[in-house]
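Visitor: compute the structure for the input listed below.
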Amino acid sequence: MKTALPLVFLLVLLSACSKDAPSTPPADIRSVRAEQAGLHGTHVSTRYSGEVRARYETDLAFRVTGRVQTRAVEAGTLVKAGQLIATLDPADYVLASSAAQAQRVAAEAEARLAQQDLQRYTALRAQNFISQAELDRRESVSQAAQARARQLRAEASRQGNQQAYTRLTAPYAGVVTATRVEAGQVVAAGQPVASLARTGEREVRIDVPENALDALRAARTLKVRLWSAPDATYLGRLREVSPMADATSRTFSARVSIANADAAVKLGMTATVEVDSESAPSLSVAQSALFRVDGQPQVWVVEQKSGKVAARSVQLGALAGARVAIVSGVAAGEWVVTAGVHKLAPGQQVRVLTPAQP
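Guide: Have a look, this model is predicted:
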């Protein structure tokens, strides 16, 4: 019995050794998408919302103070050059003009009398009936009378202009966009009475952030679309950019002229200006390739020989749509993982699927 036990134990050991050894576990290979870093030019389209305005807009005002007697237009009225806009009560200006004319007539009469006296005294001096001093005095009186007449003629003309200023007329053909006074209201000189937009060129006023000014100025094309007719496209041209930012919004006001505006483009409509620009070719990758470690942007670079990934810190440039410029950290031609970046670890073996198109 004691001899049989060691024999059984030996048979069990031999049986265990005859079994196959366990196989090596398969390698963990992750499937990812990647792209080859290279120089890419980016097409960027930016849209700005604005309002259709007239190229020339004027606030009309009286040049004198008075009480509004009539207002001949309403907002939306089409007017011709010289057409009446409003009038002031002219009574006081008529009286002032009449008084100035009367003073002018009296001064001219005095000037004629002084000139006649001077001629008589000149003849008397030639006969040596008066002294030279008396003649000089008469010459001074005549000159003063002539100057007084010229002064009052100018004053009469000025008073006549003041009377004419009680009629406010349109300086050019256009449409009245707003009225600001009513009949019976007393207005001061220079106080806006109505706003007039000139017929003709139309443009869109937009607000542009300071970091987009260079792109706006360098844009190859500007397209204008109306919200009321989004299928219609108008060519635009940048006419002016304000030299100073708005104190509240910190944006710059810009005016884009509509080159082929038709009757559908009406004042006050909301319009969109589309700015198309092409950036210079630069090294860039898809934004989906980025991840951060301790706040530092990094990408996974695939080593072509080993098929393994390595984390690489990068310095970023400007964003352009779904791509971001790379200033340093990646060289042109290297393969960068663009999908599956959060499932990788340093040294991870990967299988690159069909490369994503940049």
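Visitor: run through the protein and note the low-pLDDT ranges.
Guide: 1-27, 40-44, 277-281, 320-321, 354-358 (pLDDT under 70).
Visitor: ok, then the element right after the longest helix along it?
Guide: Using DSSP state H, we find that the single longest helix of the chain is helix 91-126. Reading on from helix 91-126 to the C-terminus, the next helix or strand found by DSSP states H and E is helix 132-164.
Visitor: mind listing the residues bridging to the residue nearest to Arg167 when sequence neighbours are not counted?
Guide: Spatial nearest neighbour of Arg167, excluding adjacent residues (C-beta to C-beta, 6 or more residues apart in numbering): Thr87 at 5.3 Å. Just so you know, the C-beta spots here come from the backbone N, C-alpha and C atoms, and that holds for glycine as well. For Thr87, the residues forming beta bridges with it (DSSP bridges) are Thr70, Arg167.
Visitor: same question for Phe291.
Guide: If you apply DSSP bridges, the partners that Phe291 bridges to are Gln298.
Visitor: that one and Val285 touch, don't they?
Guide: No: the pair Phe291 / Val285 is not scored as a contact, 11.9 Å apart, by C-beta atoms under 8 Å.
Visitor: comparing these two, which residue is more hemmed in?
Guide: Val285 (26 against 15; other C-beta atoms under 10 Å).
Visitor: separation between that one and Glu51?
Guide: 39 Å (C-beta to C-beta, to the nearest Å).
Visitor: just Val336 next, same as before
Guide: For Val336, the distance to Glu51 - C-beta to C-beta - is 44 Å.
Visitor: ok, Trp227 next?
Guide: 11 Å.
Visitor: ok, Arg137 next?
Guide: For Arg137, the distance to Glu51 - C-beta to C-beta - is 72 Å.
Visitor: now do Thr221
Guide: On the measure of C-beta to C-beta, Thr221 and Glu51 end up 21 Å apart.
Visitor: quick revisit: give me the number of residues near the residue nearest to Arg167?
Guide: Around Thr87 there are 18 residues (other C-beta under 10 Å).
Visitor: so who does it touch?
Guide: Val68, Gln69, Thr70, Ala72, Thr166, Arg167, Leu168 (C-beta atoms under 8 Å, 6 or more residues apart in numbering).
Visitor: quick one: the third one and Ala183 touch, right?
Guide: Right, the one you point to is Thr70. Yes: when contacts are counted by C-beta under 8 Å, Thr70 is listed as touching Ala183 (6.0 Å).
Visitor: which among the contacts of Thr87 count as buried?
Guide: When these are checked for burial by 16 or more other C-beta atoms under 10 Å, the buried set is Val68, Thr166, Leu168.
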